[in-house]
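Peer 1: Need coordinates for the below:
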Amino acid sequence: MATATAPPPTARRSAPPPRRRRARTLFGHFWHEYTRMRTAIYFLIGILLIVLIGTFVPQEFSSASVKVSEFVAAHQNLNDLATHLGLPLTSVFVSPLFYILLASLYIALLSCVINRGRALIVRTVRRYPRTPQYWGEWGSWMFHTSFFLLVVAVVWGKATGFDGIMTITEGQRIAETRASYDTLQEGMLFDGHHSGYQVQLNRFSAPLQSNGMPSDFVSNMTLTDGAHQVVTQDVRVNEYLGYNGVDFYQQDYGWAPRMVVRNPSGEVVSDTNIQMISDSKAASTGVLKVPAFNYTLPGQSKPVQIGARLVLYPDAQALPQVSGPSNGLNLVYAAGTAAANNPVMEVQLFVGDLGLDNGASQDVFSLDTSGMSPYYSGAAAFALPIHQTTTLSLPAANGGTANFTVSFPDLRQFSLFHVKKDSGVPLVYTAFVLTMTGLLTKLYLRPLLERRRRRRTTILTR
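Peer 2: Numbering: from 1, shown residues only. Have a look, this model is predicted:
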């Protein structure tokens, strides 16, 4: 009699080694915590803190370079410490820490949106009951998706656009090209194409209040594209000028005195409006550089160069002399108001080599006098009122002198604009609409449906 044999036992898949299982468990726990909305909120708070720093600290590509330099000089140790931590204070928006937080927020939001969206799609396809909770979950998903789109908009706008600083003097026309920017940061995906249209600052006004502070900054600008005048518009702090996706924002202003220098031959070797820097506008500083002075001192083979440190008082107040003459008018001046009631320029003149040919970069607002000598002993300054010309002399051959002149014929103002192109703006608007739709659905539609459901249930039970 044949006996039945039991079938061989089914082979079981061997369990993973404890170390691998523990690693999977740890990774799963980490991923679960990493992709929670609470973690994304922490990332968002970190990004907002960095944005606050970037709002109050001058940034390299959106603020005047002199303000960045002043901040670094005043907070050198703090900036060095922050740089070691991956967050240089004057360039927080291109710092490693900012990119890490942004990428972390991006991943966390994407995972959250995918998980919630997948569950909702399954419920919709399988025709689950359309309960108030169902619509509330749709509202929550739209709200989270809007945050994800907002992050995408920021990244896309930065990658495909640019940020720059442009200064324009009254009466000056300038083209929207790379060469026209004081500082310019282009995104890694920017195609390098600038529009090339021209903007002109017709006039600038900053009416002063009784406390001496301006009540408004108003730049009247004309935009021309080719031979076609597109628009003439006033630009204020909260009213920008936009064209072809490029926006001009009023950020700062200052004085731009016109300085004219003639060499001993009577040749105009410099005729320019010098942009002066100051916070109060009642006393501004600037630098005059004349590298092509075209005059050679006796006994030298290289033409001499002229440089000057300038201090402008738009409303100069004459002070009594304390000890000896310190300027050509035997007067010492102090700052008055920020209005151009009595413009006077103090000129501290130097003669020699500006150091422009040694290959080192120089700030346009600083003067390297290491290769120069002061014109007056003790580096004394002379005063130059508006519409006046001062005649100075240099040694000439045979013990003679050669006269040259420095003039201050006109005083204008300049506007400093923050210019940016942001292709992510349409996505920002889309995210806003999605945010409002999600909030309305979550906070209003769901409670409304629940009240209707309770009312219907109450009627049926009576």
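
Peer 1: And the helices in this protein?
Peer 2: 18-34, 37-56, 65-74, 76-84, 96-125, 132-160, 425-440, 446-461 (DSSP state H).

Peer 1: Show me the one of the ones you listed that comes nearest residue 298.
Peer 2: Residue 298 lies closest to helix 65-74 among these, at 38.0 Å (Cβ to Cβ). No exception for glycine: its C-beta is placed from N, CA and C like everyone else's.

Peer 1: tell me the angle of that closest one relative to helix 76-84?
Peer 2: 100 degrees (axes from the mean of the first three to the mean of the last three Cα atoms, to 10 degrees).

Peer 1: Against residue 314, how distant is residue 384?
Peer 2: 13 Å (Cβ to Cβ, to the nearest Å).

Peer 1: I misspoke; the intended subject was residue 409.
Peer 2: 15 Å.

Peer 1: For the two, indicate the residue with more neighbours.
Peer 2: residue 314 (26 against 13; other Cβ atoms under 10 Å).

Peer 1: can you pull the contacts of the nearest residue to the more buried one once chain neighbours are set aside?
Peer 2: Among residues not flanking residue 314 along the chain, residue 340 sits closest, at 4.4 Å (Cβ to Cβ, 6 or more residues apart in numbering). Residue 340 makes contact with 314-315, 411, according to Cβ atoms under 8 Å, 6 or more residues apart in numbering.

Peer 1: before we move on, what about residue 60?
Peer 2: Taking Cβ under 8 Å, 6+ apart, we find residue 60 in contact with 68, 90-91, 183, 185.

Peer 1: Of the helices of the chain, which is nearest residue 221?
Peer 2: helix 425-440 (21.1 Å).

Peer 1: packing partners for the closest one?
Peer 2: helix 132-160 (3 or more Cβ pairs under 8 Å, 6 or more residues apart in numbering; DSSP states H and E).

Peer 1: Please name every helix or strand in contact with the helix it packs on.
Peer 2: Partner elements for helix 132-160 (3+ Cβ pairs under 8 Å, 6+ apart): helix 37-56, helix 96-125, helix 425-440, helix 446-461.

Peer 1: Just the buried positions in the longest one, please.
Peer 2: In terms of neighbour count (16 or more other Cβ atoms under 10 Å), helix 96-125 has its buried residues at 97-98, 101-102, 104-106, 108-113, 116, 120, 123.

Peer 1: gap between the nearest residue to residue 225 once chain neighbours are set aside and residue 181?
Peer 2: Distance criterion Cβ to Cβ, 6+ apart; nearest residue to residue 225, sequence neighbours excluded, is residue 197 at 4.2 Å. Separation of residue 197 from residue 181 (Cβ to Cβ) stands at 14 Å.

Peer 1: So if I had to pick from those two, which one is more boxed in?
Peer 2: Ranked by neighbour count (other Cβ under 10 Å), residue 197 and residue 181 place residue 181 first, with 21 against 17.

Peer 1: Pretty sure the more buried one sits against residue 168.
Peer 2: No. Counting by Cβ atoms under 8 Å, residue 181 stays clear of residue 168, with 11.3 Å between them.

Peer 1: weakest of the helices and strands packed on helix 132-160 by average pLDDT?
Peer 2: Mean pLDDT values for the helices and strands packed on helix 132-160 show the minimum at helix 446-461, a mean of 66.

Peer 1: Against which helices or strands is the longest strand that the chain contains packed?
Peer 2: Scanning the chain for the strand with the most residues, using DSSP state E, yields strand 401-421. Under the contact definition 3+ Cβ pairs under 8 Å, 6+ apart, strand 401-421 sits against strand 162-169, strand 198-205, strand 246-262, strand 344-352, strand 382-385, strand 388-395.

Peer 1: how about CSV for those, with mean neighbour count and distance to residue 224 added?
Peer 2: CSV is the format used below for the helices and strands packed on strand 401-421 (neighbours: other Cβ atoms under 10 Å; distance: least, Cβ to Cβ, whole Å):
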stretch, mean neighbour count, distance to residue 224
strand 162-169, 21, 13
strand 198-205, 18, 5
strand 246-262, 21, 14
strand 344-352, 22, 33
strand 382-385, 22, 36
strand 388-395, 15, 35
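
Peer 1: What is the nearest of the buried residues of helix 96-125 to residue 264?
Peer 2: residue 98 (55.4 Å).

Peer 1: Quick check: closest non-adjacent residue to the closest one.
Peer 2: residue 50 (5.2 Å).

Peer 1: Next, the contact list for the one you found, please.
Peer 2: With Cβ under 8 Å, 6+ apart, residue 50 has these contacts: 87, 92-93, 95, 97-98, 101.

Peer 1: How about residue 438?
Peer 2: 138-146.

Peer 1: can you rerun that using 10 Å?
Peer 2: Going by Cβ atoms under 10 Å, 6 or more residues apart in numbering, residue 438 touches 138-147.

Peer 1: May I see the PyMOL selection of the buried members of these?
Peer 2: Per 16+ other Cβ under 10 Å, the buried members of these correspond to this PyMOL selection:
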select buried, resi 138+139+140+141+142+143+144+145+146+147
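
Peer 1: what pLDDT, on average, does stretch 137-153 get?
Peer 2: 84.

Peer 1: Quick check: residue 188 touching residue 160?
Peer 2: Yes. With contact defined as Cβ atoms under 10 Å, residue 188 and residue 160 form a contacting pair (8.8 Å).

Peer 1: Report the separation between the closest residue to residue 355 other than its chain neighbours and residue 352.
Peer 2: Ranked by Cβ to Cβ, 6+ apart and with sequence neighbours excluded, the top spatial neighbour of residue 355 is residue 368, at 4.5 Å. Look at residue 368 and residue 352: by Cβ to Cβ, they are 10 Å apart.
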